[in-house]
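Engineer: Sequence and predicted structure below; questions after.
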Amino acid sequence: TEDNTTVTITDFNPSVVFSDYINRTQITFTLNKGQSYIVEGVGNESTNYTGYIGAKIVSNKPIVIANGNFNGQYAGYFPNSTDILMDQGVPIDKLGQEFVLMKGNGDINSNMEKAIVLATEDNTQVFLNNIGTPVATLNAGQYYTTPNSAYILQGSSHYNMSIRANKNVYVYQLLAGTGSSGGSQEATGGMNYIPPLSCYLPKKIDEIGRINENEYASNSTNYQLTVPTKLNIITEKNAVIKVFSNGTQLAMTPSNGPFNITGNNNWVTYSFPNVTGNISVESSHAVTAGISAGDNSVGYGCYFAGFSFIPAVIKRE
């Protein structure tokens, strides 16, 4: 974002194979405003499967990054079923210790619905749902992947998961755009960066434009302009929420929520399938939301949230 920006990348696996086949333990480069730099390697090198996870990026001026992979797969050996798994990264001062995830559209035992928890400090303990002992203890740069059983059924085919850590962590959600009945779910993966919960999150998301519009053609599916889309909402308990499509408030039934969260008594979740148009969400308390969308072998997820803003009181003499 500024001229003469120096960026240094360290702490990746020294055995990773970059596309230029030059071995490195550190990468340093300088960018001017508007310039970019790509660090990548192909997926058929086994050390690249997880070797980039935990890399540390430091710059002397503000930068924007995106991370993940193209044509990726995490559920198992499905060479003909891959998708784009990319999202933003945020600086460590935007991290937190408490998270809630809502399952996408994949089958619960498909290995498509999980989360990656990445530590930024040594001796980071990770807790799931109401489990009182840590499921993992991580050092900086190490990660933990949740099992299929981490999502808890809360009613009406609605699953959510609570993640807590004793130190700040990154959480990325891996999810499917469809289930086995809706297509090839292993081909519909997505990856979302999940912001931590905070009472300082926004109370309004306005707006998610044309939420279900995404032109595609896939295998036996002819050209389509829209994709079946599910809206997931997380808000503080006892909040009053309203969801609008093209300015009209959507009717809410018990099948939409609120659903409790095992291991977290302060937040609840909602789900609205088959939403269309321009969507806005209002809550009387802090709120965040995401989508899971897909059909046949097309799928993706997105997350919509502002970042926590802790107000500061400035004393003037």
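Structural biologist: Received it, and whenever you're ready, just let me know what you need.
Engineer: And Val298, what's its pLDDT?
Structural biologist: The confidence metric pLDDT takes the value 89 at Val298.
Engineer: cool, Arg316 as well?
Structural biologist: At Arg316, pLDDT is 59.
Engineer: now do Pro79
Structural biologist: On pLDDT, Pro79 comes in at 86.
Engineer: host element of the residue nearest the centre of the chain?
Structural biologist: Nearest to the mean C-alpha position of the chain, by C-alpha atoms, centre = their mean, lies Asn192 at 2.0 Å. In the assignment (DSSP states H and E), Asn192 maps to strand 189-193.
Engineer: any idea of the mean pLDDT for stretch 39-49?
Structural biologist: On average, stretch 39-49 scores 92.
Engineer: got a list of contacts for it?
Structural biologist: Ile9, Asn13, Ser15, Val16, Val17, Phe18, Ser19, Ile27, Tyr52, Asn69, Asn71, Gly72 (C-beta atoms under 8 Å, 6 or more residues apart in numbering). Bear in mind the C-beta positions are built from the backbone N, C-alpha and C, glycine included.
Engineer: Repeat that for stretch 274-287.
Structural biologist: Applying C-beta under 8 Å, 6+ apart, the set of residues contacting stretch 274-287 is 197-212, 226, 228-231, 233-236, 238-247, 250, 289, 291.
Engineer: sorry, back to before: out of the contacts of stretch 39-49, which end up buried?
Structural biologist: Ile9, Asn13, Val16, Val17, Phe18, Ile27, Tyr52, Asn69, Gly72 (16 or more other C-beta atoms under 10 Å).
Engineer: my guess is the last one contacts Pro79, does it?
Structural biologist: Meaning Gly72. No - Gly72 lies out of contact with Pro79 (C-beta atoms under 8 Å); the separation is 11.7 Å.
Engineer: any common contacting residues for the two?
Structural biologist: The contact lists of Gly72 and Pro79 share no entry, where a contact means C-beta under 8 Å, 6+ apart.
Engineer: Using neighbour counts, pick out the buried residues of stretch 70-82.
Structural biologist: Neighbour counts over stretch 70-82 (16+ other C-beta under 10 Å) mark Gly72, Gln73, Tyr74, Ala75, Phe78, Ser81, Thr82 as buried.
Engineer: go on, stretch 186-203?
Structural biologist: For stretch 186-203, by 16+ other C-beta under 10 Å, it's 186-197, 201-203.
Engineer: same deal with stretch 223-234?
Structural biologist: Val227, Pro228, Thr229, Lys230, Leu231, Asn232, Ile233, Ile234.
Engineer: and those residues, which two are the farthest apart?
Structural biologist: For the buried residues of stretch 223-234, the farthest-apart pair by C-beta to C-beta is Val227 and Ile234; their separation is 22.1 Å.
Engineer: Surely Thr137 is in contact with Gln125?
Structural biologist: Yes - in terms of C-beta under 8 Å, Thr137 counts as a neighbour of Gln125; the distance is 5.3 Å.
Engineer: With only the CA atoms kept, save the helix or strand that comes right after the strand holding Asn192 in CSV.
Structural biologist: Next helix or strand after strand 189-193 toward the C-terminus (DSSP H and E): strand 204-208. Provided in CSV are the C-alpha atoms of strand 204-208 (Å, rounded to 0.1, in the frame of the first residue of the first chain):
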residue,chain,number,x,y,z
LYS,A,204,-25.6,-4.5,11.0
ILE,A,205,-24.4,-6.1,7.7
ASP,A,206,-25.7,-4.0,4.8
GLU,A,207,-25.6,-5.3,2.3
ILE,A,208,-24.7,-8.6,0.7
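Engineer: which other helices and strands contact the very next helix or strand once past strand 204-208?
Structural biologist: Of the helices and strands lying after strand 204-208 in sequence (DSSP H and E), the nearest is strand 213-218. Applying 3 or more C-beta pairs under 8 Å, 6 or more residues apart in numbering; DSSP states H and E, we find strand 213-218 packed against strand 221-226, strand 287-295, strand 298-304.
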